[in-house]
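J.: Sequence plus predicted model, see below.
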Amino acid sequence: MRTVVVDVFLWLAVALSLICCVGLLVAPTALDRLHFLGPSVLAGLCLAVAVVVQNSFSLVGDQTILVAVLLGLCSPVLTHAAARAARAAGRGTWRPGSDDVLEMRRR
Amino acid sequence: MWLAATVAFVLGFIPCLIVAVRADAISTVAALNLAGVLATFALVTMTVAFQSQSFITLAVVLVPVSFVGSLAFVRYLEGQP
């Protein structure tokens, strides 16, 4: 039973990571590509579950949980910063301008 | 099993490399971030495959180092016109 759970979560992590890679490759724009960084955090959680089920809460299991937590904290921050840089590169600033206000009123 | 997963994670570097070479700068940062995550996963699976705890220490160090490195690139790109 334990082997089945480890296999499922391990290959789920592999599948999610490879889906992220393929999505990064086929997405048309930079902002679309940034969306495919999100599932890698979920893959880290799946990998942590697989390692903890395999090794229980040993040194390796605890450090894998730490890796998953660090990934969960760092990856969204970096994605947000990259999206902000993409917006700033195209417009000069990332802050909303007058055209954004007009568009919001139009909606 | 774990070694096959390591190989799968390492194969994920190929799309990241293609995007980093062919796409624009922000896409390169996205590819760099994903490559760092894949390297971390490969180190974690190598830890279990080889029963060596030194790989997991590398993975714990790699996550913040990769984050700071990518953030430095983003800060540089944010100042570009």
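T.: Perfect, I can see it now. Just so we're clear, the structure is a prediction, and the values are computed from it rather than from any experiment.
J.: lowest average confidence, helix or strand, in chain A?
T.: Every helix and strand of chain A was ranked by mean pLDDT, DSSP states H and E. The lowest is helix A:98-106, at a mean of 68.
J.: what's around residue A:80, how many residues?
T.: Using other Cβ atoms under 10 Å in any protein chain shown, residue A:80 has 12 neighbouring residues. To be clear about C-beta, it is placed using only N, CA and C from the backbone, and glycine gets the same treatment.
J.: quick one: contacts for the residue most central in space within chain A?
T.: Central residue of chain A (Cα atoms, centre = their mean): residue A:38, 2.4 Å from the mean position. Residues counted as contacts of residue A:38 (Cβ atoms under 8 Å, 6 or more residues apart in numbering or on different chains) are A:75-76, A:79.
J.: Who are the contact partners of residue A:68?
T.: A:41, A:44-45, A:47-48.
J.: Filter the residues you listed to keep only those in contact with chain B.
T.: A:44, A:47 (Cβ under 8 Å from any Cβ of the partner chain).
J.: In CSV: the contacts of residue A:68, plus distance to residue A:67.
T.: Below are the contacts of residue A:68 laid out as CSV (distance: Cβ to Cβ, whole Å):
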residue, distance to residue A:67
A:41, 11
A:44, 7
A:45, 10
A:47, 8
A:48, 7
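J.: Any chance of the contacts of residue A:68 in JSON lines with neighbour count as columns?
T.: Below are those laid out as JSON lines (neighbours: other Cβ atoms under 10 Å in any protein chain shown):
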{"residue": "A:41", "neighbour count": "19"}
{"residue": "A:44", "neighbour count": "27"}
{"residue": "A:45", "neighbour count": "18"}
{"residue": "A:47", "neighbour count": "28"}
{"residue": "A:48", "neighbour count": "24"}
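J.: Could I get the contacting residues of the residue at minimal distance from the centre of chain B?
T.: What sits nearest the mean C-alpha location of chain B, by Cα atoms, centre = their mean, is residue B:36, with 1.3 Å. Going by Cβ under 8 Å, 6+ apart, residue B:36 touches B:62-63, B:66-67, B:69-70.
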